[in-house]
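# Need coordinates for the below:
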Amino acid sequence: QSLRWCSRVSFPIMDGKRKRPEEGSSVYNVEGSSSSDAEAKLARLEEEAGAIAFEALDSHSLKRLVLGFEKRVTRNQQLRIKFAGQPEKFMDSEIEVDEEIKKLAAIAAAPELYSDFVRLNSIPTIVSLLLHENTDISIATVALIYDLTDTDVVGDDEGALELVDALVQEQVMELLVQNLARMDEAQEEDAQAVHNTLGIFENLLELRPILSQAIVEKTDLMKWLFAKIKVRTFDANRLYAAEILAILLQVSPVAQKYFADQNGVDTLLTIIAQYRSKKNAGTSEEVEMVENLMDCVCSALLLPENKEHFDKAEGLQLMLILIKKKSFARYSAMKVMSFALTRSAKNCAHFVDLLGLKTLFSAFMKTAKTKKNDVDPDYEERVVGTISTLLLQLDPTRPEFARVVAKFQENAGEKIERLLELRDKYAKKLRMTDQALREIDKDDEDAPDEDEIFLQRLDGGLFGLQQIDVILAVTASADPEVRSRVHHLLNLRNTDREEVRKVVEGYCEHLGTDASDEQERIRER
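As a prediction, this is how the structure comes out:
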């Protein structure tokens, strides 16, 4: 595979390469450095570099590669100092540096040599080139670092971790963010470099998740991501920025706190509000971006402070609008709403005051379908989970709680029938999951452990079953009419009430010590 000026990551918004500069302009952004001879030499060097990727690397050839690279970089630095006002004197040396960077990309195909590569102490030189005066050298360096850290190639090899640690020690994260400010995304290669930079951060987070804290505290990446997603024009880098922000917020409490301090909830809700009347987004990529932004909000809502920001920014109202208007983002809106209500009695009460029960129970009575007309189990579970959350968070002496319970008295208890219909569905799904787990050879080295089995059972019907049985238990204990209807329908289905009690008790046991208040509320009710 020939080595290209840009990385092999596809960039969907780019049609063709950057236009060739007119005669007299600068290929390398250095005044007076353009020449037809230089272009011919660059084309020859790129053609020669195309064969390098096929060479089998070993420790000896790796050392030759690195020494050649260091020699060219040193020569370029010397010429730049000596002929600071005469770019034509050092232009050829920069072409040679570019060639050497392309040669180094061949190391990405041999991750088993990464430890040797790090010991050759060339990482400081590579990282320093990120801020090279010639932005094309910087762009090539970004592509190199992306290839070297590509997790699809290096996996979790120990050498890859050594490489990441060496890069971080040389402040690669800080310099990558500084370099972003030099990129003009109106130019194809610059936009590709931005895309590759975001890819490097994704690779670093996958290889060393603990780096999330340093990224937030030591770089301005979060600030750059906020600025990028605020831009109204959609492009691939805006989509990628939303994805990286979602990853950081998911893995880093520090990022969640930064998000709160910077009014991040307000920022994202303003962007999401642009889609409140759209049943369909322009492209599948734009749909993905909105889903990433919704995931950002969900992760941020794990911090109680952000729940308050969400409520003040009228986030509940916006999510209800997205659901009622059947926006393409309505499924994600239900997910956000469930996060906003979890362990927040204040938000739950406000939700009821906003007449959110009508929207919620309308969704509950309908079978959610995907674009392929398949039932969306995640959406159903979120709806059921949101009802359960309301019943557990609301004060049973307050009218908001009574209004939730009253929903199960309407229309001859049709919502109780719907609950038991879903209960049968999740109970059957769980039985199939348990059967599959019993057939696994416990002596197999790949057999799931106890925690993995529990997670598989949760995904395999247990979570939905638990939420439904919590609703049944709480509503039945709160109202005699509902209790009578629940008992009657359970008897019709030959379902023992003790079975419901055991499911609820199992749910309480797995809530953890940080949810002792919730455990107490369930047992009281």
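
# give the contact list for residue 504.
Counting by Cβ atoms under 8 Å, 6 or more residues apart in numbering, residue 504 touches 466, 469, 470, 473, 522. (Glycine included, C-beta is placed from N, CA and C.)

# What does the pLDDT read for it?
On pLDDT, residue 504 comes in at 93.

# before we move on, back to that, which member of the contacts of residue 504 is positioned nearest residue 317?
residue 470 (26.9 Å; Cβ to Cβ).

# From residue 414, how far out is the closest one?
According to Cβ to Cβ, to the nearest Å, residue 470 stands 20 Å off from residue 414.

# More neighbours: which of the two?
For residue 470 versus residue 414, neighbours defined as other Cβ atoms under 10 Å are more numerous around residue 470 (25 against 11).

# Surely the more buried one and residue 522 touch.
Yes - taking contacts as Cβ atoms under 8 Å, residue 470 lies within contact range of residue 522: 6.5 Å.

# list residues touching both of the two?
By Cβ under 8 Å, 6+ apart, the residues touching both residue 470 and residue 522 are 392, 504, 507.

# what about residue 493, how many neighbours?
Per other Cβ under 10 Å, the neighbour tally for residue 493 reads 12.

# which residues sit in contact with it?
420, 424.

# again with residue 114
107, 148, 154, 157, 159, 160, 162, 163.

# got the contact list for the host helix or strand of the fifth one?
Here residue 159 sits within helix 158-169, counting by DSSP states H and E. Contacts with helix 158-169, where a contact means Cβ under 8 Å, 6+ apart, come from 111-115, 117-118, 123, 127, 145, 148-149, 151, 154, 204, 207-208, 211, 214.

# In PyMOL, select just the buried ones from those residues.
With 16 or more other Cβ atoms under 10 Å as the burial test, the buried ones among the contacts of helix 158-169 are selected in PyMOL as follows:
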select buried, resi 111+113+114+117+118+123+127+145+148+149+151+154+204+207+211+214
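
# so of the contacts of helix 158-169, which ones are in helices?
114-115, 117-118, 123, 127, 145, 148-149, 151, 154, 204, 207, 211, 214 (DSSP state H).

# Give me the lowest-pLDDT entry from those residues.
Least confident of these in the model: residue 154, at 82.

# Residue 255 versus that one, what's the distance?
25 Å.

# Would you check that residue 225 makes contact with residue 244?
Yes - if you go by Cβ under 8 Å, residue 225 and residue 244 touch, sitting 6.2 Å apart.

# which intervals of the chain have sub-threshold pLDDT?
Along the chain, segments meeting pLDDT under 70 span 1-55, 278-281, 368-375, 512-517, 521, 523-525.

# Please identify which of the shared contacts of residue 470 and residue 522 is nearest to residue 423.
Closest to residue 423, out of all of the shared contacts of residue 470 and residue 522 and judged by Cβ to Cβ, is residue 504, at 12.3 Å.

# Just give me the closest of the ones in helices among the contacts of helix 158-169 to residue 285.
residue 151 (21.9 Å).

# what's the spacing between the closest one and residue 299?
Taking Cβ to Cβ, one finds residue 151 at 21 Å from residue 299.
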